[in-house]
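Visitor: Next one to model:
(chains A and B)
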Protein chains: 2
Amino acid sequence: MGEFDLIRRYFARPSQPEASGVSAGTVVGIGDDCAILQPTPGMQLAISSDMLVEGRHFLSTVNPAHLGHKALAVNLSDLAACGARPLGFTLALSLPSVNEAWLAGFSHGLFALAGAHACPLVGGDTTRGPLNICITVFGEVPPGQALLRSGAKVGDELWVSGTLGDARLALEVFRGNVSVPAEVFDAARMRMEQPAPRVALGQALRGIASAAIDVSDGLLGDLGHVLRASHAGQGTTGGVGVRINTAKAANLFASNLIAANGHPACADGHFSSKMQLDCVLAGGDDYELAFTAPAALHSAVLAAGLSTSTLVTCIGQIEAEPGVRLVDSEGQLLHNSYSSFDHFA
Amino acid sequence: MGEFDLIRRYFARPSQPEASGVSAGTVVGIGDDCAILQPTPGMQLAISSDMLVEGRHFLSTVNPAHLGHKALAVNLSDLAACGARPLGFTLALSLPSVNEAWLAGFSHGLFALAGAHACPLVGGDTTRGPLNICITVFGEVPPGQALLRSGAKVGDELWVSGTLGDARLALEVFRGNVSVPAEVFDAARMRMEQPAPRVALGQALRGIASAAIDVSDGLLGDLGHVLRASHAGQGTTGGVGVRINTAKAANLFASNLIAANGHPACADGHFSSKMQLDCVLAGGDDYELAFTAPAALHSAVLAAGLSTSTLVTCIGQIEAEPGVRLVDSEGQLLHNSYSSFDHFA
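Guide: Here you go, the predicted structure:
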């Protein structure tokens, strides 16, 4: 199969603009030198690009539909963290060979998520080479309303969407480091392979959240970007700090909820509460939003969560003193020995 | 060196917005979840993405500065083909290891071209994996003025910018299929490794050209996309055809000009005029513009070339009958046996 047949068969979908007329915002889709989009006049453009490499971000054995979902999800998660509305995306794909079953699965997962977020594939590139998936996503946001990393203020509350740590639990099971019941593993693996980008929540938080980031490399590591980018006050440059209630954070572990429903989170006792907190604070691959908001807007954050059917949990507070302070439910300081994931460390 | 240090050292340049204040159009550059751009209100957005893979698009021995140039050039060439003004680009880079000399060279070549086109790097991704470079570029164009593949009309003239075939000559020398004097090879290799995207010409052709495409897979192959996307008349669907004067086309071969200046294009006679025409018509990797324009706008095309210091040559004419007809300087029909490059053929 040639390059153009491959694109026609698997990536130029009936739901795409060139086949079904022109969708709102997309003037020219797949098939010209450039895609042409018409953003809403005056809106700002939010852009993010992520590259997924076999063996690094996913295993060759992953379900291709899940991979298609995840490749777009990690990009939509960046739009969500900025509060942007998706407009479309490009896909550049390097394939070692033309495997039609793989392509059918991959494009199915990709388009299912794209459809759910009204985010059409508008163009891209295909070539032969080691398996590599690069998606660049575009969204729009009203001028000055993008959620940035730099807006956290002393006294703001720290919030996290959804649950954290389940993807890391699945990874540790794959690595043979822990064993859990099949139902727990299935749920955790689902979270690792098919994260739900918080696109609706991100938009609902515009004008409420003071800073936001998506949690991809582990909560504490990603939060560090927010703390360093923000300032304690007018004219200061040193960044801010945070105090995190680990008891509240530990509750973000979804497999916990499964356990509470009668399924032990760990059949043989190997999965300790320490490991649980590790997964939550430094797990990675969560694709939830971590964000700060003024304490006075506590109810507004809860309302944003409710209106978008997204769990939101307040787990700490921004402080002037730089650094991360972990405290227990009594407010006692705990030792912090976490580091985040770095692709080149 | 960690991922964030690598980005800071080689890709967050002093000329970038976050270090030098905010450049026109770029509100947030490298370092947040998304880049935020402010397009000119009401303008349409042109987007293109290209992925370069080691061993497929370039050899491991290529000068990294040339590679940085080319990775952006092939994308800017797509913007040029749409007549769009560059706004910025993202870079996703998969590296087998951190080679600082390579990174320094690559980023030098990349930023030199980006600077020349006022097209800042606004974001991206770095990861470890087989060498892969994915750039996505964004530009803007007034509504309805993007040059598309579908606008060629019967009677339009066919034009080509610059010269064609030199990149293919260099490739054939690398492959050991031909030998040429060192000066000819150096010039051809320069064209292969450091193509000049016709960004200014593309914008100058808005309102003049009826259709355009950038020549990356070989003139005849790329022209086929224009012919199939265009229509002979209101209500017809079968595409159009073209008649190409091969004598004029052969003159597009720049190494010819070198020969005319006293350097034989081929020292040992192995490089025939047939091979020269092959390189021009089906060479690939040219990154010139092929475009059509009404015959009545012949002078306007010449003026667009002059105003942007770009050679433009009329080599044929669009006809109602589908297909490509090659004719000699006398108008006699020649046999056409060319096919274009396909990454999966």
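
Visitor: any idea which helix or strand comes after the worst-scoring helix or strand of chain A on mean pLDDT?
Guide: Within chain A, no helix or strand scores below helix A:17-20, which has a mean of 40 by mean pLDDT, DSSP states H and E. Counting by DSSP states H and E, the element after helix A:17-20 in chain order, helix or strand, is strand A:26-28.

Visitor: Check which helices and strands that following strand is in contact with.
Guide: helix A:17-20, strand A:35-37 (3 or more Cβ pairs under 8 Å, 6 or more residues apart in numbering or on different chains; DSSP states H and E). Any C-beta I mention is one placed from the backbone N, CA and C, and that applies to glycine too.

Visitor: can you list the domain ranges for chain A.
Guide: Domain assignment for chain A by automatic domain parsing gives A:3-141, A:149-334.

Visitor: Columns mean neighbour count on top of those domains, output as a markdown table?
Guide: Listed next are those as a markdown table, based on neighbours: other Cβ atoms under 10 Å in any protein chain shown:
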| stretch | mean neighbour count |
| --- | --- |
| domain A:3-141 | 21 |
| domain A:149-334 | 19 |
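
Visitor: Any chance of CSV for the ones you listed, columns distance to B:Arg189?
Guide: Listed next are the domains of chain A as CSV, based on distance: least, Cβ to Cβ, whole Å:
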stretch, distance to B:Arg189
domain A:3-141, 22
domain A:149-334, 41
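
Visitor: for stretch A:297-313, how far is the first residue from the last?
Guide: Using Cα to Cα, to the nearest Å, the end-to-end distance of stretch A:297-313 comes out at 13 Å.

Visitor: Please list the residues outside it that contact it.
Guide: Residues outside stretch A:297-313 that contact it (Cβ atoms under 8 Å, 6 or more residues apart in numbering or on different chains): A:157, A:159-163, A:198, A:200-201, A:204-205, A:208-209, A:248, A:251-252, A:293, A:314.

Visitor: now A:Asn336, nearest residue through space, not along the chain?
Guide: A:Leu326 (5.0 Å; Cβ to Cβ, 6 or more residues apart in numbering or on different chains).

Visitor: got a list of what that neighbour touches?
Guide: A:Ile244, A:Thr246, A:Leu281, A:Leu333, A:Leu334, A:His335, A:Asn336.

Visitor: quick check, A:His298 in a helix?
Guide: Yes: judged by DSSP: H, G, I helix; E, B strand; the rest coil, A:His298 forms part of a helix.

Visitor: and it, what pLDDT?
Guide: In this prediction, A:His298 carries a pLDDT score of 98.

Visitor: for A:Ser339, same thing?
Guide: The predicted local confidence for A:Ser339 is 55.

Visitor: cool, the one 5 residues further on as well?
Guide: On the pLDDT scale, A:Phe344 is placed at 52.

Visitor: ok, now A:Leu37?
Guide: Reading off the model, A:Leu37 has pLDDT 89.

Visitor: What of A:Arg9?
Guide: Note for A:Arg9: predicted pLDDT of 82.

Visitor: how about it, secondary structure?
Guide: Classification of A:Arg9 using three-state DSSP returns helix.

Visitor: A helix includes A:Leu227, no?
Guide: Yes: the assignment for A:Leu227 is a helix, going by three-state DSSP.

Visitor: right, and it touches A:Gly241 too?
Guide: Yes: contact criterion Cβ atoms under 8 Å: A:Leu227 and A:Gly241 qualify, at 6.2 Å.

Visitor: which neighbours do the two share?
Guide: In contact with both A:Leu227 and A:Gly241: A:Ile318, A:Pro322, A:Gly323, A:Val324, using Cβ under 8 Å, 6+ apart.

Visitor: Make a markdown table from these and add secondary structure, distance to chain B and pLDDT to it.
Guide: Formatted as a markdown table, the shared contacts of A:Leu227 and A:Gly241 follow (DSSP: H, G, I helix; E, B strand; the rest coil; distance: Cβ to the nearest Cβ, whole Å; pLDDT from 0 to 100):
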| residue | secondary structure | distance to chain B | pLDDT |
| --- | --- | --- | --- |
| A:Ile318 | strand | 18 | 96 |
| A:Pro322 | coil | 17 | 91 |
| A:Gly323 | strand | 18 | 90 |
| A:Val324 | strand | 17 | 92 |
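
Visitor: Report the rounded mean pLDDT for the lengthiest helix in chain A.
Guide: Using DSSP state H to define each element, chain A has its longest helix at helix A:64-82. Helix A:64-82 carries an average pLDDT of 96.

Visitor: Pairing partners for the following helix or strand past that helix, with directions?
Guide: Downstream of helix A:64-82, the first helix or strand assigned by DSSP H and E is strand A:85-95. In the sheet, strand A:85-95 lines up against strand A:121-128 (parallel), strand A:132-141 (antiparallel) (DSSP bridges).

Visitor: What parts of the stretch 151-300 of chain A come near chain B?
Guide: Contact residues (Cβ under 8 Å from any Cβ of the partner chain) of the stretch 151-300 of chain A with chain B: A:Ala212, A:Ile213, A:Asp214, A:Ala229.

Visitor: Go through the residues you listed and say which is closest to B:Thr26.
Guide: Closest approach between those and B:Thr26, by Cβ to Cβ: A:Ala229, at 16.9 Å.

Visitor: ok, that closest one touching B:Asp33?
Guide: No: here A:Ala229 lies out of contact with B:Asp33, judged by Cβ under 8 Å, at a distance of 11.1 Å.

Visitor: show me the contacts for the closest residue to A:Ala84 other than its chain neighbours.
Guide: Of all residues not flanking A:Ala84 in the chain, A:Gly139 sits nearest, at 3.2 Å (Cβ to Cβ, 6+ apart). A:Gly139 makes contact with A:Leu45, A:Ala46, A:Ile47, A:Leu79, A:Cys82, A:Ala84, A:Arg85, A:Pro86, A:Leu87, B:Cys34, according to Cβ under 8 Å, 6+ apart.
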